[in-house]
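Trainee: for reference, the sequence and a predicted model appear below.
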Amino acid sequence: MVGAGTDPAGGDRAVPAAAGHGFVWPREWWPRERWARERWARAALILCLHLLAAAPLEAGERFLTLASTTSTENSGLFAHILPLFEADTGIAVRVVARGTGQALRLARNGDADVVLVHDRESELAFQREGWGVERREVMYNDFVLLGPSADAAGIRGKPIAQALRLIFNAGARFVSRADESGTHKAEIRLWRAAGLQTPVGSEWYLETGSGMGATLNIASAMNAYALADRATWLAFQNKGQLDILVQGDPVLINPYGIMLVNPQRHPHVKAEEGRALIAWLTSARGRKAIAQFKVAGQQLFHPYEP
Amino acid sequence: MSEIYTPFAAAFTLIERLDSDLMEIVALSLGVSLTAVILSAVVGLPLGAALALFRFPGRRAVIVVLNSLMGLPPVVVGLTVYLLLSRSGPLGAMGLLFTPTAMIVAQWLLITPIIAALTLQVVEDLWAEYGEQLRSLGSGPLRAVPTLLWDGRYSLLTTLLAGFGRASAEVGAVMIVGGNIAHATRVMTTSIALETSKGDLALAMGLGVVLITLSISINATAYLFREFTRPNYA
Amino acid sequence: MRRPTSSGNSPGQITPEARPRTLDAAAAADALLPLHVRGVCFDVAGRRLIDGVTFDLRAGTRTVLLGPNGAGKSLMLRLCHGLIQPTAGQIEWNNGGARQKGAQAMVFQRPVMLRRSALANVEYALAVSGCPRGRRKEIAMGVLERTGLARIASRPARVLSAGEQQQVALARAWALEPQVLFLDEPTSSLDPAASAAVEKLIAAIFASGTKIFMTTHDLGQARRLSDEVLFMHHGRLLECAPSEAFFAQPRTPEAAAYLQGDLTW
Ligand SMILES: Nc1ncnc2c1ncn2[C@@H]1O[C@H](COP(=O)(O)OP(=O)(O)OP(=O)(O)O)[C@@H](O)[C@H]1O
Ligand SMILES: [Mg+2]
């Protein structure tokens, strides 16, 4: 009888020895020795716990969650200014980029500490209903009306209201974000200002229900007209045949406002950090950082002077 | 001509530079998806095996539901997890929204039904072969669960890979519950979505190539491992 | 359970020469045997596969079940072992039918090997029957050595030849030291030498006190290994006789034809 039971490692070495033939069969990958098995199990467990605990671990760092829009995130503005803010204050900012409507909804649910969006009407409503406090206007950029450089509707250089009427009458293909973003809401206002119904349902009016980038990709592929914020447009790299056809009209101004989510409604809101961000963005330092951000040599966002 | 090569060029550049942002994203993707798969295995394997071995009223209904859950749209899962983890939701106090943990939970929900349903199939087939022998040895269904899971390990490895594939490829759920926050919850798929929305299609495809390469290496490793050991266990 | 912590009867010490257990031990209150099979029928989809079979299995004998292919031998073994339930009739063990783990074991016509080494297969059976963890390897290795299988102990069981698998299955069953061992054609895929080895093994198992109930198509083997013979045909039990009597003078024409080798189905 082989003394397998006395093998201190509880190993299976006794077996091949007893087998007494030259060929060694591959071991199973899962080690049969108890100590090795336990080491494996422990390693796997630690890996899992580590990942699960990732969030609490990171919580050691000071951060706040900012619900904002794709235009500010995708253009690279945040990547430019937020490191400066962090260097000044030691507060990291985690940006969740959504359309204005969705960003406000996140904030309303208490899932963000600060919200930076661009639709004055809904911002004011948000504040009126008590969800946001301490609203400040931070900066503005402007919308541009894009279209194929061939410009079948002939709108180049026209005032925005006239341009929209021309598109409407020509039934030229127009791509709308239709996602309750700031840009979408501005577009609806512009149709109204032009004395038109938003052409929902017309076969030339396409509702993407997507972000600015996705909508621009579609417009580019279909050579359609579209309204976009200048920041996203400039940073956008799939321009195709598209070109800016209408710009500079005062009604195309696109102001960004910032608010703290009401800490009385949501006690977990990081009010102190949030106030620090709002104060910094509207301070001379913050304004300078915003103004210095350029894409292709162009300044994209214009801080409001106090 | 050049259009189609751009993504590969972009992918190559990304990898060549060993871009630290890219490494961070890849590490998070792997970490989140692997953890989700491990946790899904912990639940899904025994669950599937139990469904295969135990007979109880309503079993068929449970199996039908499980099979349907395999096709769960990621966005629905994401939304569900969001509603649970949101500060206004029942688990809001835990503050897990927009963390890797939330993404693990979403992927876990997404793939546990897949792993359980495929396990059910594997174990049922094995039971058809082993059932009488195991019962003869005096093993009830409960004792048979670990036995059959172990003996089905090579097929179940494929099951886990299927789960991993789905977890690492989905974007809808992690976008909603993770928020695609740079340096915190940005993973391969949400980066691809982001680059697409920036109109940088070449970079997006480049990231896609990296993702596929990763996926191929993981599957190849598993396959080689399987092929190397399996012949001995037929 | 018969595997107490004791030393006397551990398989490490059992040799083919060991004396059978005394009959009073077999008659103890916890003994399974005798087994009473009373009017057992088994139907599948309206077809009667086993039809009113009645017999007794007593301890201390080797019973061989004979019959042509499809007679219902394997079904009968599985009914007795409790893997399937009779449609009608009773199968009653002496101790009231409590199925203790490891008290009976069966070697199937087609042995099922788990996807692990031969040794691990035996250890697994021991584990299920409640053998303490520390003793399994020793017992399993002991059984494999006594069955001449030590050289394949570490080989994956499923790549063993059919004959080797059958021997491992037999070793696995023996490791449990059952009171009753059901064997369904244990030598059907073995070469003559291995057959002889298995017969010797069965003799040893019997000598260690285990009741043997087996089927076989090898009449020579049946002669060598049987104390009594049951003969089945078309799901019915036609004869039940002491071995010499059956082989010398079968009472039914079917049995006679079967022994002649010209019983047609
Ligand atoms: N689950 C089942 N469903 C239907 N018929 C069955 C089933 N199991 C066995 N049978 C039938 O019952 C009859 C007896 O089968 P059994 O396996 O007991 O035969 P056997 O006597 O062992 O034959 P062999 O010598 O070939 O092993 C056969 O006709 C077989 O087709
Ligand atoms: Mg048979």
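Mentor: Happy to help now that I have it. Residues are numbered from 1 along each chain as shown, chains lettered A, B, ... in the order given. Ligands and ions are numbered 1, 2, ... in the order given.
Trainee: in the chain, which spans are helices?
Mentor: All of this refers to chain A. A:14-19, A:34-52, A:54-58, A:70-74, A:77-89, A:100-108, A:120-128, A:160-170, A:182-193, A:212-222, A:230-235, A:271-282, A:284-292 (DSSP state H).
Trainee: can you look at chain C instead?
Mentor: C:23-26, C:73-81, C:118-128, C:133-146, C:162-175, C:192-207, C:219-225, C:243-248, C:253-260.
Trainee: how about the longest one: buried residues?
Mentor: For helix C:192-207, burial by neighbour count (16 or more other CB atoms under 10 Å in any protein chain shown) applies to C:194-195, C:197-199, C:201-202, C:204-207. Bear in mind the C-beta positions are built from the backbone N, C-alpha and C, glycine included.
Trainee: on that earlier part again, for the helices of chain A, give me a markdown table that also has mean neighbour count and mean pLDDT.
Mentor: Below are those laid out as a markdown table (neighbours: other CB atoms under 10 Å in any protein chain shown; pLDDT from 0 to 100):
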| stretch | mean neighbour count | mean pLDDT |
| --- | --- | --- |
| helix A:14-19 | 18 | 35 |
| helix A:34-52 | 13 | 64 |
| helix A:54-58 | 16 | 48 |
| helix A:70-74 | 27 | 86 |
| helix A:77-89 | 17 | 94 |
| helix A:100-108 | 23 | 93 |
| helix A:120-128 | 16 | 94 |
| helix A:160-170 | 19 | 95 |
| helix A:182-193 | 20 | 94 |
| helix A:212-222 | 22 | 91 |
| helix A:230-235 | 24 | 90 |
| helix A:271-282 | 19 | 95 |
| helix A:284-292 | 16 | 95 |
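Trainee: those: which one's closest to residue C:64?
Mentor: helix A:14-19 (34.6 Å; CB to CB).
Trainee: for chain B, give the residue positioned nearest to chain A.
Mentor: residue B:197 (2.7 Å; CB to the nearest CB).
Trainee: which residues touch the nearest residue to that residue once chain neighbours are set aside?
Mentor: Among residues not flanking residue B:197 along the chain, residue A:213 sits closest, at 2.7 Å (CB to CB, 6 or more residues apart in numbering or on different chains). Applying CB atoms under 8 Å, 6 or more residues apart in numbering or on different chains to residue A:213 gives the contacts A:70, A:74, A:232, A:236, B:196-199.
Trainee: which one of the residues you listed is nearest residue B:59?
Mentor: For the contacts of residue A:213, the nearest to residue B:59 is residue B:196 (43.8 Å; CB to CB).
Trainee: how many residues are close by the closest one?
Mentor: The number of residues packed around residue B:196, counting by other CB atoms under 10 Å in any protein chain shown, is 20.
Trainee: okay, it and ligand 1: tell me how far apart.
Mentor: 58 Å (CB to the nearest ligand atom, to the nearest Å).
Trainee: and that residue, what element?
Mentor: Using DSSP states H and E, residue B:196 maps to helix B:188-197.
Trainee: elements contacting that helix?
Mentor: helix A:70-74, helix A:212-222, helix B:20-53, helix B:153-169, helix B:172-178, helix B:201-229 (3 or more CB pairs under 8 Å, 6 or more residues apart in numbering or on different chains; DSSP states H and E).
Trainee: if I look at the spatially most central residue of chain C, how far off is ligand 1?
Mentor: Nearest to the mean C-alpha position of chain C, by CA atoms, centre = their mean, lies residue C:182 at 2.0 Å. Distance, residue C:182 to ligand 1, by CB to the nearest ligand atom: 12 Å.
Trainee: that residue pairs with what?
Mentor: residue C:106, residue C:213 (DSSP bridges).
Trainee: now do the contacts for it.
Mentor: Here residue C:182 is in contact with C:77, C:80-81, C:104-107, C:213-214 (criterion: CB under 8 Å, 6+ apart).
Trainee: only whichever of those residues are buried, select them in PyMOL.
Mentor: To isolate the buried ones among the contacts of residue C:182 in PyMOL, judged by 16+ other CB under 10 Å, type:
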select buried, chain C and resi 77+80+81+104+105+106+107+213+214
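Trainee: show the contacting residues for the residue of chain B closest to chain A.
Mentor: Contacts of residue B:197 by CB under 8 Å, 6+ apart are A:70, A:74, A:210-214, A:217.
Trainee: now it: how far from residue B:191?
Mentor: Per CB to CB, to the nearest Å, residue B:197 is found 11 Å from residue B:191.
Trainee: just send the contacts of residue B:197 back as TSV, with distance to ligand 1 too.
Mentor: Shown next, in TSV, are those (distance: CB to the nearest ligand atom, whole Å):
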residue	distance to ligand 1
A:70	64
A:74	66
A:210	59
A:211	61
A:212	66
A:213	63
A:214	59
A:217	62
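Trainee: what's the closest residue to ligand 1 within the stretch 201-306 of chain A sitting at in phi/psi?
Mentor: Of all residues in the stretch 201-306 of chain A, residue A:209 sits closest to ligand 1, at 57.7 Å by CB to the nearest ligand atom. When read as degrees, to the nearest 10, the backbone of residue A:209 gives phi 60, psi 20.
Trainee: so it touches residue A:178, yeah?
Mentor: Yes: the criterion here is CB atoms under 8 Å, and residue A:209 meets it with residue A:178 at 5.2 Å.
Trainee: of those two, who's got more company?
Mentor: The residue with more neighbours, out of residue A:209 and residue A:178, is residue A:178; 18 against 14, by other CB under 10 Å.
Trainee: quick one: contacts for the more buried one?
Mentor: Shown in contact with residue A:178 (CB under 8 Å, 6+ apart): A:184, A:207-209.
Trainee: reformat these as CSV; add distance to residue B:116.
Mentor: Shown next, in CSV, are those (distance: CB to CB, whole Å):
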residue, distance to residue B:116
A:184, 41
A:207, 39
A:208, 37
A:209, 34
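Trainee: so residue A:262 touches residue A:135, yeah?
Mentor: No: contact criterion CB under 8 Å: residue A:262 and residue A:135 do not qualify, at 11.0 Å.
Trainee: next up, the contacts around the residue nearest to residue B:97 when sequence neighbours are not counted.
Mentor: Spatial nearest neighbour of residue B:97, excluding adjacent residues (CB to CB, 6+ apart): residue B:85 at 4.4 Å. Counting by CB under 8 Å, 6+ apart, residue B:85 makes contact with B:91-92, B:94, B:96-97, B:102, B:105, B:177.
Trainee: these in strands, which ones?
Mentor: In strands, defined here by DSSP state E, there are no members of those.
Trainee: before we move on, back to that, next, the angle helix B:153-169 makes with the helix holding residue B:196.
Mentor: 30 degrees (axes from the mean of the first three to the mean of the last three CA atoms, to 10 degrees).
Trainee: any idea of the mean pLDDT in helix B:188-197?
Mentor: The average pLDDT within helix B:188-197 is 91.
Trainee: go through it and flag the buried ones.
Mentor: B:188-197.
Trainee: and if you look at stretch B:198-209?
Mentor: Result for stretch B:198-209 [16+ other CB under 10 Å]: buried residues B:198-209.
Trainee: ligand 1: which of those is nearest?
Mentor: Among the buried residues of stretch B:198-209, and counting by CB to the nearest ligand atom, the member closest to ligand 1 is residue B:208, at 52.5 Å.
Trainee: I figured the closest one was touching residue B:192, is that so?
Mentor: Yes: with contact defined as CB under 8 Å, residue B:208 counts as touching residue B:192 (5.7 Å).
Trainee: distance of residue C:64 from ligand 1?
Mentor: Residue C:64 is 13 Å from ligand 1, by CB to the nearest ligand atom.
Trainee: neighbours around that residue, how many?
Mentor: 24.
Trainee: what pLDDT is listed against the spatially closest residue to it that is not a sequence neighbour?
Mentor: Residue nearest to residue C:64 in three dimensions, not counting chain neighbours: residue C:226, with 3.8 Å by CB to CB, 6+ apart. On pLDDT, residue C:226 comes in at 93.
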